[in-house]
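K.L.:
Take this sequence and fold it.
(2 chains)
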Amino acid sequence: MIQEPQTEKNIWQTLYAIDRRWLYLILIIVVSILVVNPITVPNVVDPAAKSLYDYLSGLEEGDFVYIESDWTNSTRGESRGQFEALMRLLMRKKVRFCISTLGDPQIPDIIRPIINQIAQEPGSNNYQEGQDWVMAGYFPNLEAHVSGLVNNIRNAVKDKQFAGKSIVDTPVFEGINDLSDAKCVVVITGSSTINLWYERLRAKTKLGLMCTAVMSGENIPYYVSRQLVGIVIGAKGAFDFETLLAEEWPADEYPDYTNYTSGRRYMSPLFFALMLLILAVVVGNIAMIQLKKSGGRS
Amino acid sequence: MELFAFTINRTPENWATALLAAVLVIFATSILLFGLSRIPSNMRRPLVGLFVFISGLFWILDWALPRSRVQEGATTSVKTLIPIYPYDYQEVINVLVNVSQVMSGIILALGVLSILRVHFKKVFKGDRDAFFSIVLLGSMAAMIVIGLWDWIATNREAVGMSTPEANETIHTAFSIVFLDMLQILDAAMFSLIAFFILSAAYRAFRVRSIEATIMMAVALIVLLGFIPLAMALTAGLPADGFLSNFRIENMKTWILLNMSTPALRAIDLGLGLGLLAMALRILLGIEKGVAVD
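P.N.:
From the prediction side, this is the model:
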C-alpha cells in the first residue's frame, strides 16, 4: 500500500475549507451566550415599520382590527416578537380585534397564552376574550376564508363561538357588518398567505403586514405601491415596533409597562450570527484570493 | 351530548336534526357518487369539465360583479345585486364559502386517514421501521385525546359549567405535550436552518466572477442594513445631502426599492399572466392532466 506524503496545510488552505463542524460550534457558542446574556444594541427604526405603527397608533378607542395570524414555531424567532408588540399596542389603545388563522391548526393554541399573558400586563387594560377580543380560530380553506371575510365578515366567522355564543354576538363585533368597518387587516405570517389579501381585499380597509425577513423582498413592492400601509420585517421589525412602543410609553413615565421583549432579546444573537456569517464569507474569499495568487489552490 | 352542552343551540332536538341532516347528506352523496360511477367513460371528461367551469364561474362573477352599500334600517351592508336575479349574489358565495371550508376539512381528515393507513400497515406487517410508526401513532392519539379533552374543559369553564381547579390535570397534560414538547421540538428543528445557512454562505459566496462579486456586495449591504449596529457605523454621515446616500440603511433601501422591487414586479407580472392563461385553460377544459383527465 503506497502512503501519500503528508503535506502541511498553510493558513490560507485551512481558511479556504474550514470544516463545517467548526462553523456550527462557533455559531452555537455565539448564539447561546447572547441568548442567555443579551446585549442591548442601538436601533434605527425602519420607515416601513414606523408607517404601520403610526397608523395603528392613531386608531381610536373602540376601533376594530382584523388580525390574520399565520405563524408557528418555525418562524417564532421573528413572528413572536412582532405579534407581542402588536398585541401591546392594540391593548394599550383599547382597539378591539378578532384573530383567525389559515396557516396551521395549532396556531390558536400558540397565540392564546401569549395574548392572555400580555392582557395581564400593566397598560393592557385587562383585555378580556369575548369582551375586547375574540378568536375566530382556524380555517382550512385559505381562498374561501378570505373571500368569505371580504364578502360578509359576520357570516364567515359566525360559527365560531366564545362561552357558548357566536363571536359575532359579542361586543367585539358590535357595529361591524362589513370588512370595511374594520380599520385595518394585519397579517402576521411566515408564509405567502398575504397574497390572498392582495388579491381579494376590495374594501377601503388598510392592510398591514408583519412578515419574516426572507419574505420582505417579494412584499416590498406592495408597500411601495401603497397597497400595504406598512410592513414590519423579521426580528428587526419586531425590535422596531418595540422601540416605537418605548418612545410612546417611555420607561421613566411608565415604569410598569413592558415594551421590550422578544424583539430586543433576539436582536443581539441575530446581530452576532449575521456578523459571523459576514465574517465567514469574507474570510473564505480572502483565503481564495490568496491561494489564487500563490497558485496553491487545489 | 351533555359533554358538548357549551356549544351554540346544541339542544337534544338540534342534535337529532343535525344527525338526520348528516344521514341524508351521506345518502344523497352516495347516490350521486354511484350515479357518477355509472356514467359512460366518454361522458366523464365533459361532465367534470362542466363542473370545473361552473365552480370557477361563481368566483369570477363574485370578483367581476359591481357591488354597492345598501342601507337597511340602522345597518349598512354591501350587496351585489343582479337585475335578473332577485337575491344578493353574496348569499350564493356565502354558501360556497361554507361548502369549501367543509370540503377542506374533509381533505384534512383524508390526510389523517392516510397517515393511519400507512403506519398501521407498517406496524401489522412488522416493517423494519415499525417502531417509529408506533411512536407516531401513539403521539398522534395522545395529542388528539388530550387536545380535545382540554378544549372541552376550557369551553365548559368559559360558560361556568366547570372550574379550572377541577380540570387542572388535563390542563397540565396539555401544557406538557403541546407547550413543553411539541412547540419546543418544532422550534428546535427549524433552528437547524441557521447552521446550514452559515455553512452554505461560507462555501457558496465566493467572488469567482464579476457577477458573483456584484451579487455578494449587494447581499452584504442589504444584510448590514438589517443590523442596527452596522447602521451605527455610518450614522456619523449627515442625514441629508449627497453623503447621506452612503449611510448603510439608505443604501439598503435604495437597493430594495430601485433594484429588487422592479425586478420582482417584472417577475410578478409574468407570473400573473401565466397564471391567468393557466386558469383560463383549466376553466375551459383545454389544459390536459388537470381536473378533467
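
K.L.:
Would you mind listing what in the stretch 51-200 of chain B touches chain A?
P.N.:
B:59, B:62, B:75-78, B:90, B:93-94, B:96-98, B:100-101, B:103-105, B:107-108, B:147, B:155, B:158-159, B:178-179, B:182-183, B:186-187, B:190-191, B:194-195, B:197-199 (Cβ under 8 Å from any Cβ of the partner chain). Using the backbone N, CA and C atoms, a C-beta is placed for each residue, glycine as well.

K.L.:
in chain B, which spans are helices?
P.N.:
B:12-37, B:41-64, B:89-125, B:130-158, B:168-174, B:183-204, B:210-225, B:228-233, B:248-255, B:261-283 (DSSP state H).

K.L.:
quick revisit: could you pick out the buried ones from the residues of the stretch 51-200 of chain B next to chain A?
P.N.:
B:62, B:78, B:90, B:93-94, B:96-98, B:100-101, B:104, B:147, B:155, B:158, B:178, B:182-183, B:186-187, B:190, B:194-195, B:198-199 (16 or more other Cβ atoms under 10 Å in any protein chain shown).

K.L.:
Give me the below-cutoff pLDDT ranges for the stretch 151-293 of chain B.
P.N.:
Along the stretch 151-293 of chain B, segments meeting pLDDT under 70 span B:289-293.

K.L.:
what does the worst-scoring helix or strand of chain A on mean pLDDT rub up against?
P.N.:
Least confident helix or strand of chain A, by mean pLDDT, DSSP states H and E, is helix A:142-151 with a mean of 84. Under the contact criterion Cβ atoms under 8 Å, 6 or more residues apart in numbering or on different chains, helix A:142-151 has outside partners A:66, A:100, A:102, A:139, A:155-157, A:179, A:193, A:196-197, A:199-203, B:59, B:62, B:90, B:93-94, B:96-98, B:100-101, B:104.

K.L.:
need the next SSE after that helix, C-terminal direction.
P.N.:
helix A:153-157 (DSSP states H and E).

K.L.:
List the buried residues of that next one.
P.N.:
For helix A:153-157, by 16+ other Cβ under 10 Å, it's A:153, A:154, A:155, A:156, A:157.

K.L.:
Any residue of that helix touching chain B?
P.N.:
Yes - Helix A:153-157 lies within reach of chain B by Cβ under 8 Å from any Cβ, at A:155, A:156.

K.L.:
Return the residues in contact with residue A:139.
P.N.:
For residue A:139, the contact set (Cβ under 8 Å, 6+ apart) comprises A:100, A:101, A:102, A:145, B:101.

K.L.:
For chain B, which residue occupies the most central location?
P.N.:
The centre of chain B sits closest to residue B:104, judged by Cα atoms, centre = their mean, with a distance of 10.2 Å.

K.L.:
show me the contacts for that one.
P.N.:
Residue B:104 touches A:140, A:141, A:144, counting by Cβ under 8 Å, 6+ apart.

K.L.:
Could you report the distance from the last one to residue B:278?
P.N.:
What that stands for is residue A:144. Distance of residue A:144 to residue B:278, computed by Cβ to Cβ, to the nearest Å: 20 Å.

K.L.:
what about the strands in chain A?
P.N.:
A:64-70, A:96-101, A:133-138, A:161-162, A:165-166, A:184-189, A:206-211, A:230-233 (DSSP state E).

K.L.:
ok, and what's touching the longest one?
P.N.:
I take that to be strand A:64-70. Contacts for strand A:64-70 (Cβ under 8 Å, 6+ apart): A:56, A:59, A:83, A:86, A:90, A:95-104, A:107, A:111, A:149, A:153, A:172-173, A:175-176, A:179, A:181-191, A:193, A:197, A:205.

K.L.:
one more time with 7 Å, if that's ok
P.N.:
A:83, A:90, A:95-103, A:107, A:111, A:176, A:179, A:181-191, A:193 (Cβ atoms under 7 Å, 6 or more residues apart in numbering or on different chains).

K.L.:
Show me which positions of whichever helix in chain A runs longest end up buried.
P.N.:
Secondary structure assigned by DSSP H gives helix A:262-294 as the longest helix of chain A. Going by neighbour count (16+ other Cβ under 10 Å), the buried part of helix A:262-294 is A:262-278, A:280-281, A:284-285, A:287-288, A:290-291.

K.L.:
what's the burial count for the residue nearest to residue B:70 when sequence neighbours are not counted?
P.N.:
Distances taken as Cβ to Cβ, 6 or more residues apart in numbering or on different chains place residue B:79 nearest to residue B:70, at 4.8 Å, with adjacent residues excluded. Close neighbours of residue B:79, defined as other Cβ atoms under 10 Å in any protein chain shown, add up to 16.

K.L.:
Just to check, residue B:79 is in contact with residue B:67?
P.N.:
Yes - Residue B:79 lies in contact with residue B:67 (Cβ atoms under 7 Å); the separation is 6.3 Å.

K.L.:
Looking at the contacts of residue A:139, spot the one nearest residue B:219.
P.N.:
residue A:102 (31.4 Å; Cβ to Cβ).

K.L.:
So what's the residue count around the spatially closest residue to the closest one that is not a sequence neighbour?
P.N.:
Leaving aside its chain neighbours, residue A:102 sits nearest to residue A:142 (4.7 Å; criterion: Cβ to Cβ, 6+ apart). By the other Cβ under 10 Å criterion, the neighbourhood of residue A:142 contains 19 residues.

K.L.:
where do the helices sit along the stretch 101-250 of chain A?
P.N.:
A:107-119, A:142-151, A:153-157, A:194-200, A:216-224, A:234-248 (DSSP state H, counting those that start in this stretch).

K.L.:
Let me have the contacts of residue A:139 in JSON lines, extended by distance to residue A:37.
P.N.:
Formatted as JSON lines, these follow (distance: Cβ to Cβ, whole Å):
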{"residue": "A:100", "distance to residue A:37": "38"}
{"residue": "A:101", "distance to residue A:37": "34"}
{"residue": "A:102", "distance to residue A:37": "38"}
{"residue": "A:145", "distance to residue A:37": "43"}
{"residue": "B:101", "distance to residue A:37": "47"}
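
K.L.:
Return the closest of the residues you listed with respect to residue A:117.
P.N.:
For the contacts of residue A:139, the nearest to residue A:117 is residue A:101 (18.5 Å; Cβ to Cβ).

K.L.:
surely that closest one meets residue A:107?
P.N.:
Yes - using Cβ under 7 Å, residue A:101 is in contact with residue A:107, at 4.1 Å.

K.L.:
more neighbours, the two?
P.N.:
residue A:101 (26 against 22).

K.L.:
Need the contact partners of stretch A:193-204.
P.N.:
A:68, A:70, A:102-103, A:142-143, A:146-147, A:150, A:178-180, A:185, A:187, A:207, A:209, A:211, A:219, A:222, A:227.

K.L.:
who's in contact with residue A:233?
P.N.:
A:46, A:211, A:213, A:216 are the contacts of residue A:233 under Cβ under 7 Å, 6+ apart.

K.L.:
before we move on, back to that, and the least confident helix or strand of chain A with helix B:89-125, angle?
P.N.:
Counting by axes from the mean of the first three to the mean of the last three Cα atoms, to 10 degrees, helix A:142-151 lies at 150 degrees to helix B:89-125.
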